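>>> quick one, fold the following:
(one chain, ligands or ions: 2)
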Amino acid sequence: MNRFQESIYKLIVETSTNLPGDVRQAIQAAREREDAGTRSALSLSTIADNIQMAECNVSPICQDTGMPTFIVHTPVGANQILMRKQIIEAVAQATKDSKLRTNSVDSLTGANSGDNVGPGTPVIHFEQWERDEIEAKLILKGGGCENKNIQYSLPTELEGLGKAGRDLDGIRKCIMHAVYQAQGQGCSAGFIGVGIGGDRTTGYELAKHQLFRRADDVNPNEELRKLEDYVMDNANKLGIGTMGFGGQVTLLGCKVGVMNRLPASFFVSVAYNCWAFRRQGVLINPENGEITEWVYPKGELVDMKKDEPAAAASETAERREVVLQTPISEEQIRQLRVGDVVIINGLMHTGRDALHKYLMDHESPVDLNGAAIYHCGPVMAKDADGSWVVKAAGPTTSIREEPYQGEIIKKFGIRAVIGKGGMGPKTLKALQEHGAVYLNAIGGAAQYYAQCFKKVEGVDKMEFGIPEAMWHLQTEGFAAIVTMDSHGNSLHAEVEQSSLDKLSQFKDPVFA
Ligand SMILES: O=C(O)C[C@H](O)C(=O)O
Ligand code: SF4
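Numbering: from 1, shown residues only. Ligands and ions are numbered 1, 2, ... in the order given. Okay, here's the model as predicted:
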């Protein structure tokens with residue numbers, strides 16, 4: 001590997017495994033603000049542990065390493081064609097070394113390219129500048145939070161907020177709505193980048209570019225600074241909380257940029273990024289290709305330890321912890337209620353989009369009676385003797401399986417569905433009718449969960465690619481929270497309703 005390629009490789013590994021200092025600081029501040037002992041506070045401490053584990057194991061913070069997006073500034077005359085080739089090589093190498101998940105999939109056939117290289121992957125933007133050095137910045141933004149990006153065209157009518165006009169106050173309403181509509185599904189607490197103006201394409205680009213600002217910077221545009229401060233203060237009153245569990249902290253950062261627009265168009269574009277906000281950058285000496293400086297504060301500068309204040313007695317007294325061994329019986333499931341913590345031991349099976357679609361009209365490769373199915377696309381590697389090991393394995397967004405889940409529970413006798421972000425009314429009904437639960441694991445905590453998988457018993461449907469295959473995993477001590485039970489209760493439905501009520505408090509004009 002030549003020096004430039006090696007520097008890019010280091011940038012990729014650092015970005016994927018070591019959350020930068022400014023992002024860590026925002027998460028630590030959130031931990032200070034969250035009510036001690038609550039579900040959200042506990043999730044934030046797991047998130048903090050996971051950040052430390054990823055740094056220590058030099059392994060992905062989250063299993064979804066996202067769309068690798070590079071922004072490269074080069075001195076005049078630098079060979080961008082060669083640099084592009086070397087960046088692509090570095091991405092493929094980092095994937096081979098399990099620092100990135102195999103994440104590039106043919107949109108028509110579903111075939112995984114296996115090395116994160118393919119049409120449109122990775123994304124590389126070049127720009128020349130007048131400085132003598134090369135700057136390469138990288139963001140790894142996962143699919144779950146990408147799905148929560150949203151673009152508004154003003155004027156519009158917004159749920160809970162009414163009319164949003166073509167002015168600063170209309171923009172304010174769009175941003176508040178953007179945070180509300182994400183709920184916990186993009187692994188809140190999140191960061192948002194907002195682009196005002198442009199066309200549909202450049203508006204989103206501007207929004208994404210805002211995510212390259214330091215989490216602790218101050219907007220030089222006074223009007224936008226006030227808007228950012230307003231959103232930070234008020235979006236955190238929506239009560240969505242970490243993973244949508246309810247709580248004081250919903251948003252960790254808000255950065256707004258503006259550009260001109262066409263007279264007929266007025267777009268407000270919002271890029272939502274999960275707490276696993278992986279972006280880093282390097283300055284590179286063009287003579288020898290070596291890194292001279294890191295652009296964002298390195299992760300190790302901010303320790304994620306914290307003295308946990310004692311939880312309020314009422315909080316801990318309410319929480320039950322139940323240990324379940326798979327296969328699970330209906331009787332055990334019927335005893336569980338929303339809010340219980342469940343610890344799972346025994347065999348667990350992964351299954352996500354391709355598998356759920358497949359199971360609708362095929363038999364399962366393994367018996368799923370009493371089973372726990374985990375919505376997860378892990379990062380896997382082979383060890384020296386050729387056996388599979390789980391390198392990163394947090395949950396994926398469950399709502400995508402809503403069209404299938406109810407029928408699959410019924411058809412195969414599944415008792416526990418594990419994922420994140422919650423599911424809808426069809427699944428809730430099936431849980432009630434057939435005696436099953438939905439367990440919410442902590443999104444992005446991929447190292448924390450990987451350590452619960454002690455042995456890979458086997459794999460089916462490998463033709464779907466590593467993330468989509470059905471992995472059979474011997475599990476010990478996998479903790480998750482019951483957020484939908486077999487008695488018709490859903491924490492997700494509750495939080496969605498209460499946050500909508502709160503959103504409507506922000507209806508009146510603020511920036512007149
Ligand atoms: O693809 C995944 O593993 C997770 C995804 O980023 C998600 O948030 O749903
Ligand atoms: S699982 Fe959560 S933390 Fe990971 S990429 Fe998706 S949204 Fe981000």
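
>>> what's the burial count for residue 497?
For residue 497, the neighbour count with other C-beta atoms under 10 Å is 10. Glycine gets a C-beta too; all of them are placed from N, C-alpha and C.

>>> confirm that it sits in a helix.
Yes: under DSSP: H, G, I helix; E, B strand; the rest coil, residue 497 falls within a helix.

>>> count the residues that sit near residue 494.
As a burial measure, residue 494 scores 13 neighbours (other C-beta under 10 Å).

>>> actually residue 290, not the one I wrote
Residues lying near residue 290 (other C-beta under 10 Å) number 15.

>>> quick one: the helices in the stretch 151-300 of the chain?
Secondary structure of the stretch 151-300 of the chain, counting by DSSP state H, counting those that start in this stretch: helices at 168-182, 200-210, 222-235.

>>> which positions within the last one qualify as buried?
Residues 224, 227, 228, 230, 231, 234, 235 are the ones in helix 222-235 that count as buried (16 or more other C-beta atoms under 10 Å).

>>> mind saving the C-alpha coords of it as CSV?
Extracted in CSV, the C-alpha atoms of helix 222-235 (Å, rounded to 0.1, in the frame of the first residue of the first chain):
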residue,chain,number,x,y,z
GLU,A,222,-26.5,35.4,13.9
GLU,A,223,-30.0,34.5,12.7
LEU,A,224,-29.0,30.9,12.1
ARG,A,225,-27.2,30.8,15.5
LYS,A,226,-30.4,31.8,17.2
LEU,A,227,-32.4,29.2,15.2
GLU,A,228,-29.9,26.5,16.2
ASP,A,229,-30.1,27.5,19.9
TYR,A,230,-33.9,27.5,19.7
VAL,A,231,-34.0,24.0,18.2
MET,A,232,-31.5,22.6,20.8
ASP,A,233,-33.6,24.0,23.7
ASN,A,234,-37.0,23.0,22.4
ALA,A,235,-36.5,19.8,20.5
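
>>> now it against helix 168-182, angle please.
If you take axes from the mean of the first three to the mean of the last three C-alpha atoms, to 10 degrees, helix 222-235 sits at 40 degrees to helix 168-182.

>>> show the average pLDDT along helix 222-235.
Averaged over helix 222-235, pLDDT sits at 98.

>>> what about it, distance to the chain center?
24 Å (C-alpha atoms, centre = their mean, to the nearest Å).

>>> residues in contact with it?
Outside helix 222-235, the residues within contact range by C-beta atoms under 8 Å, 6 or more residues apart in numbering are 168, 171-172, 175-176, 179, 192, 218-219, 250-251, 253-258, 506, 510-511.

>>> same question for the shortest one.
Outside helix 200-210, the residues that touch it by C-beta under 8 Å, 6+ apart are 69, 71, 139, 141, 149, 151, 193-198, 255-259, 267-271.

>>> now, the residues you listed that are in strands?
69, 71, 139, 141, 151, 193-196, 255-258, 267-271 (DSSP state E).

>>> let's see the PyMOL selection covering just the buried ones among these.
Burial among the ones in strands among the contacts of helix 200-210 is assessed by 16+ other C-beta under 10 Å; the matching PyMOL selection reads:
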select buried, resi 69+71+139+141+151+193+194+195+196+255+256+257+258+267+268+269+270+271
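
>>> adding distance to residue 56 as columns, could you present the helices of the stretch 151-300 of the chain in CSV?
Shown next, in CSV, are those (distance: least, C-beta to C-beta, whole Å):
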stretch, distance to residue 56
helix 168-182, 30
helix 200-210, 30
helix 222-235, 31
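
>>> dump the residue contacts of the residue nearest to residue 301 when sequence neighbours are not counted.
Excluding the flanking residues, the one nearest residue 301 by C-beta to C-beta, 6 or more residues apart in numbering is residue 21, at 4.3 Å. Contact partners of residue 21, counting by C-beta under 8 Å, 6+ apart, are 296, 297, 298, 299, 300, 301, 302.

>>> let me know the pLDDT of residue 21.
You'll see residue 21 listed with a pLDDT of 98.

>>> and of the buried residues of helix 222-235, the nearest to ligand 1?
residue 235 (19.8 Å; C-beta to the nearest ligand atom).

>>> in this protein, what spans have low per-residue confidence?
Applying pLDDT under 70 to the chain flags residues 1, 308-317.

>>> for it, which residues are neighbours of ligand 2?
62, 64, 66, 142, 144-145, 186-187, 274, 276, 394, 443-444 (C-beta under 6 Å from any ligand atom).

>>> neighbours of residue 386, how many?
For residue 386, the neighbour count with other C-beta under 10 Å is 6.

>>> and the end-to-end length of stretch 263-270?
End-to-end distance for stretch 263-270, by C-alpha to C-alpha, to the nearest Å: 20 Å.

>>> ignore the last one, stretch 145-157
Taking C-alpha to C-alpha, stretch 145-157 runs 24 Å from one end to the other.

>>> run through who's touching it.
For stretch 145-157, contacts defined as C-beta under 8 Å, 6+ apart pick out 66-67, 158, 163-166, 170-171, 174, 177-178, 181-182, 185-187, 190, 200, 203-204, 207, 265-274, 397.

>>> related to what we said a few turns ago, now the residue nearest to residue 301. Its backbone dihedrals?
The phi/psi pair for residue 21 (degrees, to the nearest 10) reads phi -60, psi -40.

>>> tell me how far it lies from ligand 2.
18 Å (C-beta to the nearest ligand atom, to the nearest Å).

>>> tell me the domain boundaries of this structure?
Here the domain assignment for the chain is 1-142+278-311, 143-273, 320-490, based on automatic domain parsing.

>>> got a list of what the closest residue to residue 105 other than its chain neighbours touches?
Of all residues not flanking residue 105 in the chain, residue 112 sits nearest, at 5.3 Å (C-beta to C-beta, 6+ apart). Taking C-beta under 8 Å, 6+ apart as the criterion, residue 112 is in contact with 102, 103, 104, 105, 106, 464, 465, 466, 467, 468.

>>> can I assume the first one is in contact with residue 467?
Yes: counting by C-beta atoms under 8 Å, residue 102 touches residue 467, with 6.8 Å between them.

>>> neighbour count winner among those two?
residue 467 (23 against 20).

>>> which helix or strand contains that one?
Using DSSP states H and E, residue 467 maps to neither a helix nor a strand.

>>> quick one: which helix or strand includes the closest residue to it other than its chain neighbours?
With sequence-adjacent residues excluded and distances taken as C-beta to C-beta, 6+ apart, residue 467 is closest to residue 377, at 2.9 Å. Using DSSP H and E, residue 377 sits in no helix or strand.

>>> and if you look at residue 131?
Here residue 131 is assigned to no helix or strand, by DSSP H and E.

>>> for it, what are its contacts?
With C-beta under 8 Å, 6+ apart, residue 131 has these contacts: 73, 75.
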